[in-house]
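>>> Model the following, please.
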Amino acid sequence: MTHYHIAVLDPTKSYAKAIAKKTQETDYTIYNHREGGQVLCLYEPHAYPDKIQSLLHTLHSADSVLWVIDKVDADFAEMALALWQLNKPGWIIFKDIDTTEIKPMLGKSPMAGWPVLDADLNPAQMREQLMAKPPPRPETPSIVMVDACFEVRGVGTVVLGKLESGPVSVHDDLEAVPGKMRTGVRSIQVQDEDIQKAELGSRVGLGLKGTSADAIKRGSYLVTPGAMGGFESGKMEVGVSPLVKEGLEPNCELFFS
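The predicted structure is shown next:
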(Lines give C-alpha, C1' and ligand atoms only; values in the text may rest on other atoms or scores of the structure.)
Protein backbone atom coordinates (compact mmCIF):
# COMPACT_ATOMS: atom_id res chain seq x y z
CA MET A 1 0.00 0.00 0.00
CA THR A 2 1.50 3.33 -1.08
CA HIS A 3 1.07 6.31 1.27
CA TYR A 4 1.39 9.97 0.31
CA HIS A 5 2.03 12.29 3.29
CA ILE A 6 1.31 15.93 2.44
CA ALA A 7 1.17 19.00 4.67
CA VAL A 8 -1.66 21.35 3.69
CA LEU A 9 -0.91 24.98 4.62
CA ASP A 10 -4.26 26.57 3.84
CA PRO A 11 -5.49 29.71 5.62
CA THR A 12 -8.95 29.09 4.12
CA LYS A 13 -9.13 25.61 5.77
CA SER A 14 -11.15 24.37 2.80
CA TYR A 15 -8.98 22.07 0.66
CA ALA A 16 -8.02 19.23 3.04
CA LYS A 17 -11.59 18.52 4.19
CA ALA A 18 -12.80 18.58 0.57
CA ILE A 19 -10.13 16.13 -0.57
CA ALA A 20 -10.17 13.57 2.26
CA LYS A 21 -11.93 12.48 5.47
CA LYS A 22 -10.89 13.65 8.93
CA THR A 23 -9.46 10.78 11.01
CA GLN A 24 -7.35 12.20 13.85
CA GLU A 25 -6.64 15.50 15.64
CA THR A 26 -3.91 16.66 18.02
CA ASP A 27 -2.34 20.06 17.40
CA TYR A 28 -2.73 19.18 13.72
CA THR A 29 -5.56 17.40 11.92
CA ILE A 30 -5.04 14.30 9.76
CA TYR A 31 -7.29 13.60 6.76
CA ASN A 32 -7.18 10.26 4.88
CA HIS A 33 -8.41 9.14 1.47
CA ARG A 34 -7.91 5.61 0.12
CA GLU A 35 -8.10 4.53 -3.50
CA GLY A 36 -7.29 0.84 -3.90
CA GLY A 37 -3.66 0.41 -2.88
CA GLN A 38 -3.02 4.15 -2.50
CA VAL A 39 -3.62 6.23 0.64
CA LEU A 40 -3.49 10.02 0.73
CA CYS A 41 -2.65 11.41 4.20
CA LEU A 42 -3.11 15.16 4.63
CA TYR A 43 -1.82 17.08 7.66
CA GLU A 44 -3.35 20.47 8.48
CA PRO A 45 -1.96 22.67 11.30
CA HIS A 46 -5.34 23.72 12.71
CA ALA A 47 -3.76 25.26 15.84
CA TYR A 48 -1.54 27.56 13.78
CA PRO A 49 -0.94 30.55 13.88
CA ASP A 50 -1.75 30.52 17.60
CA LYS A 51 0.83 27.74 18.14
CA ILE A 52 3.97 27.63 16.00
CA GLN A 53 4.46 24.00 17.13
CA SER A 54 1.37 23.04 15.12
CA LEU A 55 3.01 24.27 11.91
CA LEU A 56 6.36 22.63 12.68
CA HIS A 57 4.87 19.25 13.68
CA THR A 58 2.80 19.28 10.49
CA LEU A 59 5.80 19.96 8.27
CA HIS A 60 7.97 17.33 9.97
CA SER A 61 5.22 14.71 9.50
CA ALA A 62 4.92 15.26 5.74
CA ASP A 63 7.01 14.33 2.70
CA SER A 64 5.72 17.25 0.62
CA VAL A 65 3.58 20.39 0.97
CA LEU A 66 0.46 21.92 -0.60
CA TRP A 67 0.69 25.66 0.10
CA VAL A 68 -2.43 27.77 -0.44
CA ILE A 69 -1.60 31.49 -0.63
CA ASP A 70 -4.51 33.91 -0.30
CA LYS A 71 -2.76 36.98 1.19
CA VAL A 72 0.62 38.38 2.12
CA ASP A 73 0.90 38.91 5.87
CA ALA A 74 3.01 37.85 8.86
CA ASP A 75 1.71 34.26 8.68
CA PHE A 76 2.68 34.06 5.00
CA ALA A 77 6.20 35.21 5.87
CA GLU A 78 6.50 32.72 8.74
CA MET A 79 5.35 29.82 6.55
CA ALA A 80 7.71 30.90 3.76
CA LEU A 81 10.64 30.92 6.19
CA ALA A 82 9.74 27.46 7.54
CA LEU A 83 9.35 26.02 4.02
CA TRP A 84 12.64 27.54 2.89
CA GLN A 85 14.49 25.87 5.77
CA LEU A 86 12.60 22.60 5.33
CA ASN A 87 13.46 22.32 1.61
CA LYS A 88 10.84 19.70 0.73
CA PRO A 89 8.98 19.46 -2.59
CA GLY A 90 5.46 20.79 -2.99
CA TRP A 91 2.75 22.62 -4.91
CA ILE A 92 1.31 26.13 -4.68
CA ILE A 93 -2.28 27.32 -5.08
CA PHE A 94 -2.87 31.05 -5.53
CA LYS A 95 -6.33 31.79 -4.12
CA ASP A 96 -7.91 35.10 -5.21
CA ILE A 97 -4.61 37.01 -5.15
CA ASP A 98 -2.39 38.84 -7.63
CA THR A 99 0.60 36.56 -8.25
CA THR A 100 2.81 39.41 -9.47
CA GLU A 101 3.06 40.53 -5.84
CA ILE A 102 4.14 37.14 -4.54
CA LYS A 103 6.48 35.55 -7.07
CA PRO A 104 9.30 38.10 -6.54
CA MET A 105 9.08 37.43 -2.79
CA LEU A 106 9.80 33.74 -3.34
CA GLY A 107 12.96 34.74 -5.18
CA LYS A 108 15.52 31.93 -5.19
CA SER A 109 13.71 29.86 -2.57
CA PRO A 110 12.85 26.20 -3.30
CA MET A 111 9.16 27.21 -3.46
CA ALA A 112 9.81 29.35 -6.55
CA GLY A 113 10.10 26.15 -8.58
CA TRP A 114 7.02 24.41 -7.20
CA PRO A 115 4.24 23.60 -9.71
CA VAL A 116 1.19 25.87 -9.48
CA LEU A 117 -2.18 24.10 -9.25
CA ASP A 118 -5.48 25.61 -10.36
CA ALA A 119 -7.44 26.83 -7.34
CA ASP A 120 -10.67 25.51 -8.90
CA LEU A 121 -9.65 21.87 -9.38
CA ASN A 122 -12.32 19.51 -8.05
CA PRO A 123 -11.38 17.05 -5.25
CA ALA A 124 -10.80 14.13 -7.65
CA GLN A 125 -8.51 16.22 -9.86
CA MET A 126 -6.64 17.51 -6.80
CA ARG A 127 -6.06 13.97 -5.49
CA GLU A 128 -4.79 12.92 -8.91
CA GLN A 129 -2.19 15.70 -8.83
CA LEU A 130 -1.08 14.98 -5.27
CA MET A 131 -0.73 11.23 -5.85
CA ALA A 132 0.96 11.41 -9.25
CA LYS A 133 4.37 10.36 -7.93
CA PRO A 134 5.25 8.52 -4.69
CA PRO A 135 8.14 10.08 -2.73
CA PRO A 136 11.43 8.16 -2.39
CA ARG A 137 12.03 6.68 1.08
CA PRO A 138 14.91 4.70 2.60
CA GLU A 139 14.22 0.96 2.91
CA THR A 140 16.28 0.48 6.09
CA PRO A 141 16.40 0.77 9.05
CA SER A 142 12.88 0.72 10.52
CA ILE A 143 11.92 4.15 11.90
CA VAL A 144 8.44 5.03 13.20
CA MET A 145 7.71 8.66 14.17
CA VAL A 146 5.22 8.57 17.07
CA ASP A 147 2.06 10.71 16.84
CA ALA A 148 0.33 9.31 19.92
CA CYS A 149 0.66 6.56 22.52
CA PHE A 150 -2.16 5.27 24.75
CA GLU A 151 -3.58 2.21 26.48
CA VAL A 152 -6.40 0.17 24.92
CA ARG A 153 -8.34 -2.31 27.06
CA GLY A 154 -7.68 -5.84 25.90
CA VAL A 155 -4.85 -4.76 23.62
CA GLY A 156 -2.36 -2.93 25.83
CA THR A 157 -0.05 -0.13 24.73
CA VAL A 158 -0.79 1.25 21.25
CA VAL A 159 1.32 3.68 19.22
CA LEU A 160 0.04 5.65 16.22
CA GLY A 161 2.62 6.99 13.82
CA LYS A 162 4.25 7.18 10.43
CA LEU A 163 6.68 4.54 9.17
CA GLU A 164 9.38 6.84 7.80
CA SER A 165 11.89 4.16 6.86
CA GLY A 166 11.91 0.43 6.37
CA PRO A 167 9.14 -2.13 7.03
CA VAL A 168 7.85 -3.25 10.45
CA SER A 169 6.58 -6.77 11.15
CA VAL A 170 4.78 -8.47 14.01
CA HIS A 171 7.32 -9.79 16.56
CA ASP A 172 9.96 -7.21 15.54
CA ASP A 173 12.07 -5.80 18.38
CA LEU A 174 12.22 -1.99 18.46
CA GLU A 175 13.95 0.64 20.56
CA ALA A 176 12.33 3.86 21.80
CA VAL A 177 14.42 7.00 21.21
CA PRO A 178 15.15 8.93 23.33
CA GLY A 179 15.52 6.55 26.24
CA LYS A 180 16.81 3.39 24.54
CA MET A 181 13.94 1.36 26.02
CA ARG A 182 13.32 -1.95 24.22
CA THR A 183 9.85 -3.08 23.18
CA GLY A 184 8.29 -5.58 20.80
CA VAL A 185 5.55 -5.43 18.17
CA ARG A 186 2.52 -7.47 19.22
CA SER A 187 0.16 -6.41 16.41
CA ILE A 188 -0.09 -4.02 13.45
CA GLN A 189 -3.02 -2.15 11.93
CA VAL A 190 -2.98 -0.11 8.70
CA GLN A 191 -6.20 1.56 7.55
CA ASP A 192 -8.09 -0.36 10.28
CA GLU A 193 -6.90 -3.71 8.89
CA ASP A 194 -4.87 -6.21 10.94
CA ILE A 195 -1.71 -7.14 9.03
CA GLN A 196 1.54 -8.98 9.69
CA LYS A 197 3.87 -6.49 7.98
CA ALA A 198 3.63 -2.75 7.31
CA GLU A 199 5.50 -1.30 4.35
CA LEU A 200 7.54 1.89 4.53
CA GLY A 201 5.52 5.07 4.29
CA SER A 202 2.48 3.55 6.01
CA ARG A 203 0.52 5.20 8.80
CA VAL A 204 0.51 2.46 11.42
CA GLY A 205 -1.09 1.49 14.68
CA LEU A 206 1.32 -0.73 16.60
CA GLY A 207 0.32 -2.86 19.57
CA LEU A 208 3.42 -3.04 21.77
CA LYS A 209 4.57 -5.39 24.51
CA GLY A 210 6.93 -4.77 27.40
CA THR A 211 6.14 -1.07 27.76
CA SER A 212 3.49 1.42 28.86
CA ALA A 213 1.91 4.51 27.30
CA ASP A 214 3.71 6.72 29.84
CA ALA A 215 7.10 5.51 28.63
CA ILE A 216 6.73 6.59 24.96
CA LYS A 217 6.03 10.25 24.29
CA ARG A 218 4.62 11.90 21.21
CA GLY A 219 7.48 13.08 19.00
CA SER A 220 9.74 10.18 19.93
CA TYR A 221 10.81 7.40 17.56
CA LEU A 222 10.60 3.61 17.51
CA VAL A 223 13.59 2.26 15.59
CA THR A 224 15.60 -0.83 14.78
CA PRO A 225 17.81 -1.25 17.89
CA GLY A 226 21.01 0.74 17.52
CA ALA A 227 19.81 2.61 14.42
CA MET A 228 19.46 6.04 16.02
CA GLY A 229 21.96 7.54 18.44
CA GLY A 230 21.49 10.17 21.10
CA PHE A 231 23.64 13.00 22.45
CA GLU A 232 23.87 15.18 25.52
CA SER A 233 25.85 18.07 24.04
CA GLY A 234 27.22 19.23 20.72
CA LYS A 235 27.87 22.14 18.39
CA MET A 236 25.54 23.73 15.87
CA GLU A 237 26.15 26.15 13.03
CA VAL A 238 23.40 28.77 12.72
CA GLY A 239 22.76 30.80 9.56
CA VAL A 240 20.40 33.68 8.85
CA SER A 241 17.75 33.19 6.17
CA PRO A 242 17.59 35.71 3.30
CA LEU A 243 13.99 36.38 4.44
CA VAL A 244 15.19 37.76 7.78
CA LYS A 245 16.09 41.45 7.75
CA GLU A 246 17.70 41.56 11.20
CA GLY A 247 20.88 39.72 12.16
CA LEU A 248 21.63 37.66 15.26
CA GLU A 249 22.55 39.84 18.21
CA PRO A 250 24.74 38.72 21.15
CA ASN A 251 22.76 37.06 23.95
CA CYS A 252 19.58 36.78 21.86
CA GLU A 253 17.23 33.91 22.64
CA LEU A 254 16.90 31.17 20.00
CA PHE A 255 14.31 28.40 19.63
CA PHE A 256 15.00 25.17 17.75
CA SER A 257 12.70 22.53 16.29
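>>> Tell me where the chain has helices.
Here the chain has its helices, by DSSP state H, at 15-19, 52-61, 74-86, 99-106, 123-130.
>>> And stretch 143-159, end to end?
Criterion Cα to Cα, to the nearest Å; first-to-last residue distance in stretch 143-159 is 13 Å.
>>> tell me the contacts of the nearest residue to Ser109 once chain neighbours are set aside?
Among residues not flanking Ser109 along the chain, Trp84 sits closest, at 4.8 Å (Cβ to Cβ, 6 or more residues apart in numbering). All C-beta atoms are positioned from the backbone trio N, CA, C, and that covers glycine. Applying Cβ atoms under 8 Å, 6 or more residues apart in numbering to Trp84 gives the contacts Ser109, Pro110, Met111, Ser241, Pro242, Leu243.
>>> Burial check on the fourth one, number of neighbours?
Think Ser241. Neighbourhood size, Ser241 [other Cβ atoms under 10 Å]: 11.
>>> surely it meets Leu81?
Yes - using Cβ atoms under 8 Å, Ser241 is in contact with Leu81, at 5.7 Å.
>>> any shared contact partners between these two?
By Cβ under 8 Å, 6+ apart, no residue touches both Ser241 and Leu81.
>>> ok, back up a step: can you check what pLDDT the model gives the residue nearest to Ser109?
Note for Trp84: predicted pLDDT of 90.
>>> From Leu222, how far out is it?
30 Å (Cβ to Cβ, to the nearest Å).
>>> what do you get for Ser257?
Distance, Ser257 to Leu222, using Cβ to Cβ: 20 Å.
>>> Could you do Val144 as well?
4 Å.
>>> list the residues that contact both of these two?
With Cβ under 8 Å, 6+ apart as the test, Val144 and Leu222 both reach Val159, Gly161, Leu174, Leu206.
>>> Hmm, the first one is touching Leu222, no?
Think Val159. Yes - with contact defined as Cβ under 8 Å, Val159 reaches Leu222; the gap is 6.6 Å.
>>> Let me know how buried Val238 is, in neighbour terms.
Neighbours of Val238 (other Cβ under 10 Å): 7.
>>> coming back round to it: so between Val159 and Leu222, which is more surrounded?
Taking neighbours as other Cβ under 10 Å, Val159 and Leu222 compare with Leu222 leading, 28 against 25.
>>> Now do the same contact list for the more buried one.
Residues in contact with Leu222 (Cβ under 8 Å, 6+ apart) are 142-144, 146, 159, 161, 174-177, 183, 206, 216.
>>> 10 Å instead, please
142-146, 149, 159, 161, 163, 168, 172, 174-177, 181, 183, 185, 204, 206, 208, 211, 216, 228 (Cβ atoms under 10 Å, 6 or more residues apart in numbering).
>>> For Val177, give its distance to Ser220.
From Val177 across to Ser220, the span is 6 Å (Cβ to Cβ).
>>> hey, what's in contact with both of these two?
Residues touching both Val177 and Ser220 (Cβ under 10 Å, 6+ apart): Val146.
>>> in the stretch 1-150 of the chain, which ranges drop under the pLDDT threshold?
Counting by pLDDT under 70, the stretch 1-150 of the chain contains no low-confidence residues.
>>> I am finished for the moment; much appreciated.
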